[in-house]
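In: what's the 3D shape of this:
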Amino acid sequence: MATASPSTGTSTSSGMAPVTAASPPPLEPADAEALTLMGLLVEAHARLTGVLGAEMEEACGLPLSWYDAMIRLRRAPGGFMTMTRLASEVSLTSGGITRLVDRLADAGYAQRQDCPTDRRSVYVSLTPAGIAKVDEATAAHRKGLDRHLLGPLEPHEREMLEAALRKLRRA
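Out: Numbering: from 1, shown residues only. This next block holds a predicted model:
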């Protein structure tokens, strides 16, 4: 049997008043600021990663995750680093970096070498084909960075962003 709700005049089948959506109490200003900053950082990262990744794949057929590892190897002193360090820098597990390096090696872009002084360590470096591919990808990526990251920011905003991100990385 349906009854009318005294508060709204609407009919419910249980005889109970319908649940109304009341506004929750507002967040504390410090909570709102922290959540807003984190949300903006995550959303900006997701947007940039999506658009830059799509542009890189279209321009040179290289996934952004591959490029991230390859550019770190390209910039590493001596052109190589341990698998463990590479995993840490690209935020992958040991299994994840193994699979990524397997794919890079299968494509002819990377090679492994045992460390002569520590049998537990394996070095990874780019092959000549890998160096050529990451250089090609860097040219394409730079155009995307100019459009989507640097372009919207004034020079002083870029400097402030860099300083803030470096500070957060160190914290």
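
In: Flag every buried residue along the longest helix along the chain.
Out: Once the chain is assigned using DSSP state H, the helix that runs over the most residues is helix 29-60. The neighbour-count check on helix 29-60 (16 or more other CB atoms under 10 Å) flags 52, 53, 55, 56, 57, 60 as buried. Yep, even glycine has a C-beta here, placed from its N, CA and C like the rest.

In: show me where pLDDT drops low in the chain?
Out: In the predicted model, the chain carries pLDDT under 70 at residues 1-18.

In: just the buried residues of helix 29-60 now: which is nearest residue 159?
Out: The closest of the buried residues of helix 29-60 to residue 159 turns out to be residue 52 (CB to CB; 21.1 Å).

In: Could you find the closest non-adjacent residue to residue 89?
Out: Here the nearest residue to residue 89 in space, its sequence neighbours aside, is residue 72; by CB to CB, 6 or more residues apart in numbering that works out to 5.3 Å.

In: The one you found - how many residues pack around it?
Out: Residue 72: 16 surrounding residues under other CB atoms under 10 Å.

In: now the strand or helix carrying it: how far from the chain's centre is it?
Out: The secondary structure element spanning residue 72 is helix 64-75 (assigned by DSSP states H and E). How far helix 64-75 lies from its chain's middle: 13 Å, per CA atoms, centre = their mean, to the nearest Å.

In: Which other helices and strands does it contact?
Out: The elements that helix 64-75 packs onto, with contact taken as 3 or more CB pairs under 8 Å, 6 or more residues apart in numbering; DSSP states H and E, are helix 29-60, strand 80-82, helix 83-89, helix 94-106, strand 110-114, strand 122-126, helix 128-145.

In: which parts of it are buried?
Out: Neighbour counts using 16+ other CB under 10 Å place 64, 66, 67, 68, 69, 70, 71, 72, 73, 74 of helix 64-75 among the buried residues.

In: Show the contacting residues for the residue nearest to residue 89.
Out: Contacts of residue 72 were listed using CB atoms under 8 Å, 6 or more residues apart in numbering, and they are 81, 86, 89, 90.

In: Tell me which two of these sit farthest apart.
Out: Comparing every pair within the contacts of residue 72 by CB to CB identifies 81 and 90 as the most remote, at 10.6 Å.

In: Which one of those two is surrounded by more residues?
Out: For the pair residue 81 and residue 90, the greater number of neighbours falls to residue 81 (20 against 17), based on other CB under 10 Å.

In: Return the distance of residue 165 relative to residue 94.
Out: 26 Å (CB to CB, to the nearest Å).
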